[in-house]
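Undergrad: this is the structure alone, sequence omitted:
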């Protein structure tokens, strides 16, 4: 009797950690990926040397993602995944982080539409965020690297997000934020076009929460203010900000040196230089020393 119970226990444990094929997507194509859930973490990896998660919405078949309605602590998309299909993560509730590992060059259209998560970490390999990529999401923070060259139409439209750092070098298409009214901290550069960030047709709605919105300019505030006025947002004024890059992370400070926010993720573990240690220590109020 004891032997039988032991065997069953081992079988259940094995099945819980087994990799499962993503299956056939909404377009009828086989998705080249598989996934497992272990200790609350959903991990997805590519297969067949392709790494295509698949397209999980079509007018004919509706929404068919294998991840729908999951509740997990973290999501890890391994570097063997090369293509994120649309609607793959709709409705997932993630109490921790979504970590996209290096390998993906673009966040495809509607890839994370409808996602609930604490934080999404985008790697330096990503060059483009396509339209509606994060439409209607509920995310506390999205780390956008400086490698981003283009942000598509409505990429963050109707998101419930409190802070966002937009790369100054990125080309921003129309209505990136749309009617998002929960934003409290927006970091931009002197070249950012505000006419392309907010939905100009929802001007009145935008200013219902104007008292909560702070726009930090990492360049010349006069230019940022001129861009705001040119877009019809003369009521908004930018706040001077400076940035420091430390091992893949951008630290944003106000004029008094107080940390405003951070964006990005450390690219590797190593010992800091004195200058880097001073930057990190100033933001965390403690320093960890490692020996080797």
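TA: The structure has been received and is ready for your questions. A quick note: this is a predicted structure, and the numbers were derived from the prediction, not measured.

Undergrad: from here on, just use CA atoms for contacts and neighbour counts.
TA: OK.

Undergrad: and for residue 254, nearest residue in space, chain neighbours not counted?
TA: With Cα to Cα, 6 or more residues apart in numbering as the criterion, residue 254 has its nearest non-adjacent residue at 4.5 Å, and that residue is residue 241.

Undergrad: helix or strand: which one has that neighbour?
TA: Residue 241 is located in strand 238-246, with elements delineated by DSSP states H and E.

Undergrad: name the helices or strands packed onto that strand?
TA: Helices and strands touching strand 238-246, as assessed by 3 or more Cα pairs under 8 Å, 6 or more residues apart in numbering; DSSP states H and E, comprise strand 214-217, helix 221-230, strand 249-254, helix 274-284.

Undergrad: how far does it sit from the chain's center?
TA: 20 Å (Cα atoms, centre = their mean, to the nearest Å).

Undergrad: check contacts around residue 87.
TA: 55-57, 63, 65, 110-114 (Cα atoms under 8 Å, 6 or more residues apart in numbering).

Undergrad: could you redo the last one with a cut-off of 7 Å?
TA: Listed by Cα atoms under 7 Å, 6 or more residues apart in numbering, the contact set of residue 87 reads 55-57, 110-113.

Undergrad: local confidence estimate at the nearest residue to residue 191 once chain neighbours are set aside?
TA: Distances taken as Cα to Cα, 6+ apart put residue 168 closest to residue 191, at 6.2 Å, once the chain neighbours are dropped. Predicted confidence (pLDDT) at residue 168: the value is 79.

Undergrad: touching, residue 227 and residue 194? I think so.
TA: Yes - Residue 227 lies in contact with residue 194 (Cα atoms under 7 Å); the separation is 6.4 Å.

Undergrad: between those two, which is the more surrounded one?
TA: residue 194 (24 against 19; other Cα atoms under 10 Å).

Undergrad: one step back: distance of the residue nearest to residue 254 from residue 168?
TA: Distance, residue 241 to residue 168, by Cα to Cα, to the nearest Å: 13 Å.

Undergrad: could you do residue 120 as well?
TA: 20 Å.

Undergrad: one more: residue 82?
TA: 26 Å.

Undergrad: look at the two and report which has more neighbours.
TA: residue 82 (23 against 20).

Undergrad: which residues touch that one?
TA: Contacts of residue 82 by Cα under 7 Å, 6+ apart are 50-52, 103-104.

Undergrad: try residue 263
TA: Contacts of residue 263 by Cα under 7 Å, 6+ apart are 143-145, 165, 249-251.

Undergrad: redo the residues you listed as TSV? Include distance to residue 37 and pLDDT.
TA: TSV is the format used below for the contacts of residue 263 (distance: Cα to Cα, whole Å; pLDDT from 0 to 100):
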residue	distance to residue 37	pLDDT
143	24	83
144	26	85
145	28	83
165	31	87
249	29	81
250	32	83
251	33	91
